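K.L.:
Got a sequence here, can you build the structure:
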Amino acid sequence: MIKLLESIFGRSPPSTKRLDTTLLRKATDRLVEGTDPRMRGVSGYYDKLRPAVECSVEYVIDLIDSITEPAVIARANYLADPRLRAFFSSVEHIREVLSSSQAINMFLKARGTVPFEPVHALLAVKHEEQQSLGMQLEGEIVRRDVMQHVFNFHAHKFVAPNMDEDLYKWELKRLAYDELISAALARLANMKEERNTARRNQQLLEAKLRRLREGSLGLAPAIEDLPQQEIGTVEREVVRIEAELDKVAVRPTTLNDYVDLCAETLKSPESHLRIRPMHITLDQMGRKVEEGSSPSARTLSLQEVSVSDGERAIIMMVRINPEELPPLRDFTKEAKKYLF
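P.N.:
Residues are numbered from 1 along each chain as shown. Below is the predicted model:
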């Protein structure tokens, strides 16, 4: 059964296009376990999947390595970095977001203490562009009822926090690869079959996808409003679902179709996971303006990730200074305040 926290990338991921055989084997096994383990009954399934897996692994490594240099989240750096000023209304807002971050709090809880060194993480932020009428100064003339575009950044999420920068990047690659696995599983769940068992098979595959998402399979949970469950609970539920899947009769020809569909999905990873550059110029009020139109305007060079279900988010690597991290929280104690 797929282990949600297990990374397929080792201590030294390859820097060339010649990928390690062990890595490809692990990546193929993770694809099969993450979709439908019954595909192992197909003769030569590994050889059929390997070229597509190799394509996706190379794509994922290049994709994560293309993310720009991190922003330093520190009180002294807030005014100096226009990205931080755009994403957060104040230094206090940064600390509020960090304090409410489930990923950050789980990381600190696992360590048992607030670290003395910076923490590396990926920050995902949603944005909305709203139109409104306002005033605009042109020379010495104030124009009224001018259509303005205001950018609002919200739904901040920190992903894969880690003290070790290399481990953090490898974890992001694992999440990116898992996103392609979830895309393949979603396609399997939508596959039409000419059997009475097809509906039950489809329901079980959809349930598996939903549970794996709740356990943070892939990048989609970082940019969607999905409920997050304890890893152990999710994995036990997936074991139960897979046990039911084993009872559903599936024709060998159908399992061959599953292998072909998974290979087709991973042969075109760019169709299911993309990062594109995004450049916008904003003034101090967060309004979109022309570059150079105002001394206070700043042009942001950002990157936007999109997944196969259409969800999008701006992503940025960050290095969080320890003094900005929240104190350890006892969620059980806090919950008792509302229960008793």
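
K.L.:
Stretch 231-248: which residues count as buried?
P.N.:
Neighbour-count burial for stretch 231-248, counted by 16 or more other C-beta atoms under 10 Å, picks out Val234, Glu235, Glu237, Val238, Ile241, Glu242, Leu245, Val248. Where C-beta positions appear, they are placed from N, C-alpha and C, glycine not excepted.

K.L.:
I figured the fourth one hits Arg211, correct?
P.N.:
In this case it means Val238. Yes. If you go by C-beta atoms under 8 Å, Val238 and Arg211 touch, sitting 5.4 Å apart.

K.L.:
now the end-to-end length of stretch 245-261.
P.N.:
18 Å (C-alpha to C-alpha, to the nearest Å).

K.L.:
Stretch 105-123 now?
P.N.:
Where stretch 105-123 begins and where it ends lie 15 Å apart, using C-alpha to C-alpha.

K.L.:
Could you pull out the buried residues of it?
P.N.:
Asn105, Phe107, Leu108, Pro118, Val119, His120, Ala121, Leu122, Leu123.

K.L.:
go on, stretch 212-225?
P.N.:
212-224.

K.L.:
Now the residue positioned nearest the centre of the chain. Nearest residue, chain neighbours left out?
P.N.:
The chain has Leu219 as the residue nearest its centroid, 2.2 Å off, counting by C-alpha atoms, centre = their mean. Closest residue in space to Leu219, ignoring its immediate chain neighbours: Glu179 at 4.6 Å, by C-beta to C-beta, 6 or more residues apart in numbering.

K.L.:
Just give the number of residues close to that neighbour.
P.N.:
23 (other C-beta atoms under 10 Å).

K.L.:
isn't it right up against His272?
P.N.:
Yes. Between Glu179 and His272 there is a contact at 7.0 Å, judged by C-beta under 8 Å.

K.L.:
okay, and the common contacts of those two?
P.N.:
Val307, Ser308 (C-beta atoms under 8 Å, 6 or more residues apart in numbering).

K.L.:
one step back: so which of the buried residues of stretch 212-225 are in strands?
P.N.:
Within these, no residue falls in strands by DSSP state E.

K.L.:
Between those residues, which sits nearest Leu282?
P.N.:
Lowest distance from Leu282 to those (C-beta to C-beta) belongs to Ile223, with 21.2 Å.

K.L.:
Who are the contact partners of the residue nearest to Leu219?
P.N.:
Leu217, Gly218, Leu219, Ala220, His272, Leu273, Val307, Ser308.

K.L.:
ditto for Lys169
P.N.:
Ile64, Asp65.

K.L.:
Would you check that Ala160 makes contact with Ala176?
P.N.:
No. Checked against C-beta under 8 Å, the pair Ala160 and Ala176 is beyond contact range at 10.7 Å.

K.L.:
quick one, which of these two is more surrounded?
P.N.:
Just comparing Ala160 and Ala176: by other C-beta under 10 Å the higher neighbour count belongs to Ala176, 23 against 20.

K.L.:
Excluding chain neighbours, give the residue nearest to the more buried one in space.
P.N.:
Per C-beta to C-beta, 6+ apart, closest to Ala176 is Val60, 4.5 Å.

K.L.:
which of the residues in the helix or strand the one you found falls within are buried?
P.N.:
Applying DSSP states H and E as the criterion places Val60 in helix 45-65. Neighbour counts over helix 45-65 (16+ other C-beta under 10 Å) mark 45-46, 48-50, 52-61, 63-64 as buried.

K.L.:
same question, stretch 286-298
P.N.:
Gly286, Arg287, Val289, Ala297, Arg298.

K.L.:
Pick the one among those residues closest to Gln202.
P.N.:
Gly286 (44.5 Å).

K.L.:
From Arg298, how far out is that closest one?
P.N.:
Gly286 sits at a distance of 11 Å from Arg298 (criterion: C-beta to C-beta, to the nearest Å).

K.L.:
shared neighbours, those two?
P.N.:
Ala86.

K.L.:
In the buried residues of stretch 286-298, find the pair that's most separated.
P.N.:
Arg287 and Arg298 (11.8 Å).

K.L.:
quick one: pLDDT of Met147?
P.N.:
Per-residue pLDDT puts Met147 at 56.

K.L.:
from the buried residues of stretch 212-225, which ones fall inside helices?
P.N.:
Leu212, Arg213, Glu214, Ala220, Pro221, Ala222, Ile223 (DSSP state H).

K.L.:
for these, which one is nearest Glu128?
P.N.:
Ile223 (13.7 Å).

K.L.:
next one: phi and psi at the nearest residue to the closest one once chain neighbours are set aside?
P.N.:
Closest residue to Ile223 apart from its sequence neighbours, by C-beta to C-beta, 6+ apart: Ala313 at 3.6 Å. Main-chain dihedrals, Ala313, degrees, to the nearest 10: phi -160, psi 150.

K.L.:
Might one say that Ala313 is in contact with Val305?
P.N.:
Yes. Ala313 is in contact with Val305 according to C-beta under 8 Å; the separation is 5.9 Å.
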